[in-house]
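> Got a predicted structure here, sequence first:
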Amino acid sequence: MGMDWHSSGVTTSVVGALKRSLTPLAGELGIHVCGGRGKQSRLTPSELLAVGARVGIDAPALAANSRLIVKVDSAAVQDGFDLYLHSFVVTDDGRWTVIQRGMNGDLRQARRYHWLSEGLTSFLDDSHAAIDGETGGSILNLADRRATASRDAQLDLLRTTSPDKIATEALALEPRAEKEAIPTDQMTLPHLSMPAHHEVRASDVIARRLQGAIAAAAERGPEDFADVLATPGVGARTVRALALVAEVVHGAPCRFSDPARFSFAHGGKDRHPFPVPTRVYDETIGVLKSTVSKAKLGNDERLEALTRLDREARRLESVVSGPAIDDVLREERGRSHEYGGRSTFGWEPAPEEQIVGAA
(Lines give C-alpha, C1' and ligand atoms only; values in the text may rest on other atoms or scores of the structure.)
Protein backbone atom coordinates (compact mmCIF):
# COMPACT_ATOMS: atom_id res chain seq x y z
CA MET A 1 0.00 0.00 0.00
CA GLY A 2 2.81 2.42 0.70
CA MET A 3 6.04 3.12 2.52
CA ASP A 4 4.38 4.00 5.84
CA TRP A 5 2.22 1.93 8.12
CA HIS A 6 0.41 4.84 9.73
CA SER A 7 0.59 7.81 7.38
CA SER A 8 -2.12 10.10 6.13
CA GLY A 9 -2.64 10.20 2.38
CA VAL A 10 -1.80 6.58 1.56
CA THR A 11 -5.35 5.92 0.29
CA THR A 12 -5.20 8.98 -1.95
CA SER A 13 -1.78 7.98 -3.25
CA VAL A 14 -2.79 4.39 -3.98
CA VAL A 15 -6.04 5.37 -5.70
CA GLY A 16 -4.19 7.97 -7.77
CA ALA A 17 -1.49 5.47 -8.72
CA LEU A 18 -4.10 2.88 -9.72
CA LYS A 19 -5.89 5.40 -11.89
CA ARG A 20 -2.72 6.51 -13.66
CA SER A 21 -1.44 2.98 -14.23
CA LEU A 22 -4.69 1.19 -15.11
CA THR A 23 -6.31 3.81 -17.36
CA PRO A 24 -3.97 3.14 -20.33
CA LEU A 25 -4.70 -0.60 -19.92
CA ALA A 26 -8.46 -0.27 -19.35
CA GLY A 27 -9.31 -1.73 -22.76
CA GLU A 28 -7.13 -4.78 -22.12
CA LEU A 29 -7.97 -5.36 -18.46
CA GLY A 30 -11.61 -4.26 -18.44
CA ILE A 31 -11.07 -2.24 -15.24
CA HIS A 32 -11.82 1.48 -15.06
CA VAL A 33 -10.82 3.75 -12.16
CA CYS A 34 -12.90 6.93 -11.89
CA GLY A 35 -12.93 9.82 -9.46
CA GLY A 36 -10.26 10.70 -6.93
CA ARG A 37 -9.59 13.50 -4.49
CA GLY A 38 -11.27 16.92 -4.32
CA LYS A 39 -12.16 18.30 -7.73
CA GLN A 40 -11.42 14.94 -9.34
CA SER A 41 -14.11 13.27 -7.21
CA ARG A 42 -16.78 15.57 -8.68
CA LEU A 43 -15.88 14.35 -12.17
CA THR A 44 -16.82 10.75 -11.30
CA PRO A 45 -20.33 10.79 -12.92
CA SER A 46 -19.02 12.20 -16.21
CA GLU A 47 -16.13 9.71 -16.22
CA LEU A 48 -18.59 6.85 -15.67
CA LEU A 49 -20.73 8.08 -18.56
CA ALA A 50 -17.65 8.09 -20.78
CA VAL A 51 -16.82 4.52 -19.74
CA GLY A 52 -20.41 3.46 -20.45
CA ALA A 53 -20.26 4.92 -23.93
CA ARG A 54 -17.14 2.86 -24.66
CA VAL A 55 -18.08 -0.52 -23.18
CA GLY A 56 -21.88 -0.49 -23.17
CA ILE A 57 -22.67 -0.73 -19.45
CA ASP A 58 -25.54 1.17 -17.79
CA ALA A 59 -23.50 4.27 -16.98
CA PRO A 60 -26.43 6.53 -15.94
CA ALA A 61 -27.33 4.02 -13.22
CA LEU A 62 -23.70 3.85 -12.08
CA ALA A 63 -23.48 7.66 -11.99
CA ALA A 64 -26.64 7.72 -9.87
CA ASN A 65 -25.08 5.14 -7.53
CA SER A 66 -21.98 7.29 -7.25
CA ARG A 67 -23.97 10.35 -6.21
CA LEU A 68 -26.10 8.36 -3.77
CA ILE A 69 -23.10 6.78 -2.06
CA VAL A 70 -21.58 10.22 -1.52
CA LYS A 71 -24.84 11.36 0.02
CA VAL A 72 -25.06 8.35 2.31
CA ASP A 73 -21.59 8.81 3.76
CA SER A 74 -21.85 12.60 4.03
CA ALA A 75 -25.47 13.03 5.17
CA ALA A 76 -27.07 9.76 6.28
CA VAL A 77 -23.93 8.84 8.26
CA GLN A 78 -23.00 11.87 10.37
CA ASP A 79 -19.84 10.82 12.17
CA GLY A 80 -17.85 14.05 12.02
CA PHE A 81 -15.73 13.06 9.02
CA ASP A 82 -15.94 15.23 5.90
CA LEU A 83 -15.47 13.37 2.64
CA TYR A 84 -12.56 14.47 0.47
CA LEU A 85 -11.99 11.38 -1.69
CA HIS A 86 -14.43 9.37 -3.80
CA SER A 87 -13.09 6.66 -6.10
CA PHE A 88 -15.38 4.48 -8.21
CA VAL A 89 -13.81 1.37 -9.79
CA VAL A 90 -15.97 -0.45 -12.36
CA THR A 91 -15.40 -3.42 -14.66
CA ASP A 92 -16.66 -4.04 -18.19
CA ASP A 93 -19.40 -6.31 -16.85
CA GLY A 94 -20.76 -3.60 -14.54
CA ARG A 95 -19.38 -4.79 -11.19
CA TRP A 96 -18.00 -2.00 -9.05
CA THR A 97 -16.40 -0.97 -5.77
CA VAL A 98 -16.25 2.45 -4.14
CA ILE A 99 -13.57 3.75 -1.78
CA GLN A 100 -14.27 6.98 0.10
CA ARG A 101 -12.22 8.78 2.70
CA GLY A 102 -13.22 11.41 5.22
CA MET A 103 -11.24 13.66 7.54
CA ASN A 104 -12.02 14.99 11.01
CA GLY A 105 -9.92 18.13 11.35
CA ASP A 106 -10.44 18.48 15.10
CA LEU A 107 -9.34 14.92 15.85
CA ARG A 108 -6.73 14.90 13.06
CA GLN A 109 -8.00 11.46 12.12
CA ALA A 110 -9.30 9.94 8.90
CA ARG A 111 -11.89 7.27 8.17
CA ARG A 112 -12.32 5.12 5.07
CA TYR A 113 -15.59 3.75 3.72
CA HIS A 114 -15.79 0.70 1.44
CA TRP A 115 -18.67 -0.29 -0.83
CA LEU A 116 -19.02 -3.37 -3.03
CA SER A 117 -21.69 -4.07 -5.63
CA GLU A 118 -21.57 -7.81 -4.98
CA GLY A 119 -24.42 -8.76 -2.66
CA LEU A 120 -25.62 -5.16 -2.29
CA THR A 121 -29.42 -5.06 -1.99
CA SER A 122 -29.90 -1.65 -0.35
CA PHE A 123 -27.93 1.56 -0.02
CA LEU A 124 -29.38 2.26 3.42
CA ASP A 125 -29.48 -1.02 5.35
CA ASP A 126 -25.95 -1.78 6.63
CA SER A 127 -24.72 -1.36 3.09
CA HIS A 128 -20.98 -0.82 3.70
CA ALA A 129 -18.58 -3.65 3.00
CA ALA A 130 -16.31 -2.15 5.68
CA ILE A 131 -15.50 1.05 7.54
CA ASP A 132 -11.90 1.56 8.67
CA GLY A 133 -11.11 3.99 11.47
CA GLU A 134 -11.22 4.64 15.20
CA THR A 135 -14.60 4.15 16.84
CA GLY A 136 -16.12 7.55 17.57
CA GLY A 137 -18.95 6.63 19.92
CA SER A 138 -22.57 7.54 19.26
CA ILE A 139 -23.35 9.00 15.85
CA LEU A 140 -26.40 9.77 13.74
CA ASN A 141 -26.59 6.82 11.36
CA LEU A 142 -29.60 6.58 9.08
CA ALA A 143 -27.82 3.95 6.99
CA ASP A 144 -28.35 1.37 9.74
CA ARG A 145 -31.13 -1.17 9.14
CA ARG A 146 -32.49 -0.30 12.60
CA ALA A 147 -33.12 3.26 11.39
CA THR A 148 -35.90 2.10 9.04
CA ALA A 149 -38.61 3.44 11.34
CA SER A 150 -36.86 6.79 11.60
CA ARG A 151 -36.51 7.09 7.83
CA ASP A 152 -40.19 6.21 7.31
CA ALA A 153 -41.25 8.72 9.96
CA GLN A 154 -39.20 11.45 8.32
CA LEU A 155 -40.86 10.76 4.96
CA ASP A 156 -44.29 10.91 6.57
CA LEU A 157 -43.35 14.17 8.29
CA LEU A 158 -42.32 15.74 4.98
CA ARG A 159 -45.62 14.73 3.40
CA THR A 160 -47.87 16.01 6.17
CA THR A 161 -46.08 18.92 7.87
CA SER A 162 -45.12 22.37 6.60
CA PRO A 163 -41.41 23.20 6.35
CA ASP A 164 -41.78 26.10 8.80
CA LYS A 165 -43.25 23.84 11.49
CA ILE A 166 -40.53 21.24 10.97
CA ALA A 167 -37.82 23.91 11.33
CA THR A 168 -39.44 25.31 14.51
CA GLU A 169 -39.68 21.88 16.11
CA ALA A 170 -36.10 21.04 15.17
CA LEU A 171 -34.74 24.22 16.77
CA ALA A 172 -36.71 23.51 19.94
CA LEU A 173 -35.28 19.99 20.18
CA GLU A 174 -31.62 20.91 19.67
CA PRO A 175 -30.69 21.51 23.34
CA ARG A 176 -32.26 18.19 24.36
CA ALA A 177 -30.56 16.36 21.50
CA GLU A 178 -27.17 17.55 22.72
CA LYS A 179 -27.78 16.02 26.15
CA GLU A 180 -29.26 12.72 25.03
CA ALA A 181 -27.03 10.06 23.56
CA ILE A 182 -28.17 8.59 20.28
CA PRO A 183 -28.42 4.81 20.80
CA THR A 184 -26.13 2.99 18.40
CA ASP A 185 -24.89 -0.52 18.79
CA GLN A 186 -23.19 -0.53 15.42
CA MET A 187 -23.20 -3.70 13.39
CA THR A 188 -19.82 -5.42 13.36
CA LEU A 189 -17.77 -4.63 10.25
CA PRO A 190 -14.21 -5.50 9.22
CA HIS A 191 -12.23 -3.01 11.29
CA LEU A 192 -8.62 -1.88 11.44
CA SER A 193 -7.61 -0.15 14.67
CA MET A 194 -4.40 1.86 14.52
CA PRO A 195 -2.52 3.46 17.44
CA ALA A 196 -2.56 7.24 17.88
CA HIS A 197 1.21 7.54 17.50
CA HIS A 198 2.86 7.43 14.09
CA GLU A 199 6.27 5.86 14.64
CA VAL A 200 6.72 2.10 14.85
CA ARG A 201 7.56 1.04 18.40
CA ALA A 202 8.65 -2.30 19.79
CA SER A 203 5.23 -2.61 21.44
CA ASP A 204 3.58 -2.43 18.01
CA VAL A 205 5.41 -5.47 16.69
CA ILE A 206 4.59 -9.11 17.38
CA ALA A 207 8.20 -10.20 17.72
CA ARG A 208 7.69 -13.89 16.91
CA ARG A 209 6.35 -12.98 13.45
CA LEU A 210 9.32 -10.81 12.62
CA GLN A 211 11.72 -13.43 13.98
CA GLY A 212 9.93 -16.13 11.97
CA ALA A 213 10.34 -14.11 8.78
CA ILE A 214 14.03 -13.49 9.49
CA ALA A 215 14.64 -17.16 10.24
CA ALA A 216 12.78 -18.27 7.13
CA ALA A 217 14.84 -15.93 4.98
CA ALA A 218 18.16 -16.89 6.56
CA GLU A 219 17.71 -20.64 6.98
CA ARG A 220 15.13 -21.85 4.48
CA GLY A 221 15.28 -19.22 1.76
CA PRO A 222 17.96 -20.86 -0.41
CA GLU A 223 16.18 -24.22 -0.44
CA ASP A 224 12.70 -22.94 -1.17
CA PHE A 225 13.61 -19.85 -3.16
CA ALA A 226 16.52 -20.91 -5.31
CA ASP A 227 15.17 -19.39 -8.50
CA VAL A 228 14.58 -16.07 -6.78
CA LEU A 229 17.98 -16.07 -5.13
CA ALA A 230 19.60 -16.62 -8.50
CA THR A 231 18.23 -13.27 -9.64
CA PRO A 232 21.02 -10.63 -9.71
CA GLY A 233 20.73 -8.24 -6.80
CA VAL A 234 18.49 -10.44 -4.66
CA GLY A 235 20.05 -11.11 -1.28
CA ALA A 236 19.06 -12.01 2.26
CA ARG A 237 17.55 -8.57 2.91
CA THR A 238 15.31 -8.83 -0.14
CA VAL A 239 14.26 -12.36 0.81
CA ARG A 240 13.35 -11.12 4.27
CA ALA A 241 11.18 -8.43 2.70
CA LEU A 242 9.61 -11.02 0.41
CA ALA A 243 8.84 -13.23 3.40
CA LEU A 244 6.87 -10.36 4.91
CA VAL A 245 5.19 -9.65 1.56
CA ALA A 246 4.34 -13.35 1.26
CA GLU A 247 2.56 -13.11 4.59
CA VAL A 248 0.41 -10.30 3.21
CA VAL A 249 -0.30 -12.16 -0.04
CA HIS A 250 -1.07 -15.55 1.54
CA GLY A 251 -1.88 -14.57 5.13
CA ALA A 252 -5.13 -15.33 6.90
CA PRO A 253 -7.18 -12.28 7.98
CA CYS A 254 -6.51 -12.92 11.67
CA ARG A 255 -2.87 -12.03 11.11
CA PHE A 256 -3.75 -8.51 10.03
CA SER A 257 -3.53 -7.48 13.69
CA ASP A 258 0.15 -6.66 13.17
CA PRO A 259 0.38 -3.84 10.58
CA ALA A 260 4.00 -3.15 11.51
CA ARG A 261 5.13 -5.94 9.16
CA PHE A 262 4.47 -3.60 6.22
CA SER A 263 7.09 -1.13 7.38
CA PHE A 264 9.50 -3.85 8.43
CA ALA A 265 9.47 -5.04 4.83
CA HIS A 266 10.28 -1.69 3.23
CA GLY A 267 10.74 0.97 5.91
CA GLY A 268 9.09 4.39 6.00
CA LYS A 269 9.58 7.62 4.14
CA ASP A 270 10.09 9.51 7.42
CA ARG A 271 12.81 7.07 8.62
CA HIS A 272 10.40 5.17 10.88
CA PRO A 273 11.14 2.40 11.59
CA PHE A 274 14.10 2.88 9.20
CA PRO A 275 14.70 4.61 5.85
CA VAL A 276 13.20 3.00 2.76
CA PRO A 277 15.77 0.52 1.35
CA THR A 278 15.23 1.49 -2.29
CA ARG A 279 17.32 -1.37 -3.69
CA VAL A 280 15.33 -3.93 -1.69
CA TYR A 281 12.12 -2.13 -2.63
CA ASP A 282 12.94 -2.30 -6.36
CA GLU A 283 14.09 -5.93 -6.19
CA THR A 284 10.90 -6.95 -4.37
CA ILE A 285 8.79 -5.31 -7.06
CA GLY A 286 10.91 -7.00 -9.73
CA VAL A 287 10.46 -10.43 -8.15
CA LEU A 288 6.70 -9.98 -7.83
CA LYS A 289 6.39 -8.73 -11.43
CA SER A 290 8.34 -11.72 -12.69
CA THR A 291 6.27 -14.07 -10.53
CA VAL A 292 2.98 -12.74 -11.88
CA SER A 293 4.23 -12.77 -15.49
CA LYS A 294 5.43 -16.37 -15.26
CA ALA A 295 2.24 -17.47 -13.50
CA LYS A 296 0.23 -16.13 -16.45
CA LEU A 297 2.25 -18.44 -18.70
CA GLY A 298 1.51 -21.44 -16.48
CA ASN A 299 4.89 -21.40 -14.72
CA ASP A 300 3.90 -21.33 -11.05
CA GLU A 301 7.25 -22.18 -9.42
CA ARG A 302 7.86 -18.70 -8.01
CA LEU A 303 4.28 -18.34 -6.85
CA GLU A 304 4.59 -21.67 -5.06
CA ALA A 305 7.92 -20.54 -3.61
CA LEU A 306 6.22 -17.50 -2.06
CA THR A 307 3.62 -19.82 -0.56
CA ARG A 308 6.32 -22.09 0.86
CA LEU A 309 8.21 -19.09 2.23
CA ASP A 310 5.07 -17.92 4.03
CA ARG A 311 4.38 -21.42 5.35
CA GLU A 312 7.93 -21.78 6.62
CA ALA A 313 7.81 -18.41 8.38
CA ARG A 314 4.60 -19.47 10.12
CA ARG A 315 6.14 -22.76 11.25
CA LEU A 316 9.20 -21.05 12.66
CA GLU A 317 7.17 -18.53 14.65
CA SER A 318 6.41 -21.11 17.33
CA VAL A 319 9.96 -22.38 17.79
CA VAL A 320 12.44 -19.68 16.79
CA SER A 321 13.98 -16.98 18.95
CA GLY A 322 15.88 -14.04 17.62
CA PRO A 323 17.14 -10.52 18.19
CA ALA A 324 15.04 -7.95 20.01
CA ILE A 325 13.13 -5.44 17.91
CA ASP A 326 15.47 -2.62 18.94
CA ASP A 327 18.47 -4.68 17.78
CA VAL A 328 16.83 -5.30 14.39
CA LEU A 329 16.12 -1.59 14.01
CA ARG A 330 19.67 -0.69 15.00
CA GLU A 331 21.09 -3.03 12.34
CA GLU A 332 18.69 -1.80 9.65
CA ARG A 333 19.55 1.84 10.31
CA GLY A 334 23.27 1.12 10.54
CA ARG A 335 23.31 -0.65 7.16
CA SER A 336 20.72 1.54 5.51
CA HIS A 337 23.20 3.08 3.09
CA GLU A 338 24.06 -0.40 1.74
CA TYR A 339 20.44 -0.89 0.68
CA GLY A 340 20.05 2.55 -0.88
CA GLY A 341 18.30 3.95 2.19
CA ARG A 342 16.26 7.04 1.45
CA SER A 343 13.68 9.17 3.24
CA THR A 344 12.18 12.62 2.97
CA PHE A 345 15.46 13.80 4.53
CA GLY A 346 17.49 12.46 1.59
CA TRP A 347 19.83 9.53 1.00
CA GLU A 348 21.33 7.82 4.03
CA PRO A 349 25.09 8.37 4.30
CA ALA A 350 27.61 5.69 5.19
CA PRO A 351 28.34 5.34 8.95
CA GLU A 352 31.69 7.16 8.73
CA GLU A 353 30.02 10.07 6.95
CA GLN A 354 27.45 10.26 9.72
CA ILE A 355 30.24 10.43 12.35
CA VAL A 356 32.12 13.14 10.45
CA GLY A 357 28.93 15.12 9.99
CA ALA A 358 28.11 14.87 13.69
CA ALA A 359 31.63 15.99 14.62
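Everything's here; your move.

> and the host helix or strand of Ala61, which residues are buried?
Taking DSSP states H and E as the definition, one finds Ala61 inside helix 59-71. For helix 59-71, the neighbour count (16 or more other C-beta atoms under 10 Å) marks 59, 62-63, 65-66, 69-70 as buried. For the C-beta atoms, the positions are set from N, CA and C on the backbone; glycine is no exception.

> Output these as JSON lines; include the columns pLDDT.
Converted to JSON lines, the buried residues of helix 59-71 look like this (pLDDT from 0 to 100):
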{"residue": "Ala59", "pLDDT": "94"}
{"residue": "Leu62", "pLDDT": "96"}
{"residue": "Ala63", "pLDDT": "94"}
{"residue": "Asn65", "pLDDT": "93"}
{"residue": "Ser66", "pLDDT": "94"}
{"residue": "Ile69", "pLDDT": "92"}
{"residue": "Val70", "pLDDT": "90"}
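
> between these, which is nearest Ala110?
Among these, Val70 lies closest to Ala110 (C-beta to C-beta), at 16.6 Å.

> Tell me which residues touch the closest one, please.
Applying C-beta atoms under 8 Å, 6 or more residues apart in numbering, we find Val70 in contact with 41, 83, 86, 100.

> now, which of those lie within strands?
Those of the contacts of Val70 mapping onto strands are 83, 86, 100, per DSSP state E.

> so what are the domain limits for the chain?
If you go by automatic domain parsing, the domain ranges for the chain are 10-179, 203-358.

> Which residue ranges of the stretch 201-350 of the chain form helices?
Secondary structure of the stretch 201-350 of the chain (DSSP state H, counting those that start in this stretch): helices at 207-215, 221-224, 226-229, 236-250, 260-266, 278-296, 301-317, 325-334.

> ok, of these, where does mean pLDDT dip lowest?
The minimum mean pLDDT among those belongs to helix 221-224 (a mean of 45).

> So which of the buried residues of helix 59-71 is the closest to Gly322?
Relative to Gly322, and with distances defined as C-beta to C-beta, the nearest of these is Ile69, at 46.3 Å.

> is it true that the closest one touches Val98?
Yes. Applying C-beta atoms under 8 Å as the test, Ile69 and Val98 come out as touching, 5.3 Å apart.

> joint contacts of those two?
By C-beta under 8 Å, 6+ apart, Ile69 and Val98 have these common neighbours: 86, 115.

> Just after the helix holding Ala61, pick out the following helix or strand.
strand 77-78.

> Lys19 - how many residues pack around it?
Other residues lying near Lys19 total 18 when counted by other C-beta atoms under 10 Å.

> tell me the contacts of it?
Lys19 neighbours (C-beta under 8 Å, 6+ apart): 33-34, 36, 87.

> Between those residues, identify the one with the most neighbours.
Cys34 (27 neighbours).

> Name the residues that touch the one helix or strand it maps to?
Assessed by DSSP H and E, Cys34 sits inside strand 31-37. Surrounding strand 31-37, the residues in contact under the criterion C-beta under 8 Å, 6+ apart are 12, 15-16, 18-19, 22-23, 25-26, 41, 43-44, 47-48, 51, 55, 66, 84-92.

> just checking, which of these belong to helices?
Residues of the contacts of strand 31-37 located in helices (DSSP state H): 12, 15-16, 18-19, 22, 26, 44, 47-48, 51, 55, 66.

> could I get those as a markdown table with distance to Pro323?
As requested, the ones in helices among the contacts of strand 31-37 are arranged in a markdown table below (distance: C-beta to C-beta, whole Å):
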| residue | distance to Pro323 |
| --- | --- |
| Thr12 | 36 |
| Val15 | 37 |
| Gly16 | 38 |
| Leu18 | 37 |
| Lys19 | 41 |
| Leu22 | 41 |
| Ala26 | 47 |
| Thr44 | 49 |
| Glu47 | 50 |
| Leu48 | 52 |
| Val51 | 51 |
| Val55 | 53 |
| Ser66 | 50 |
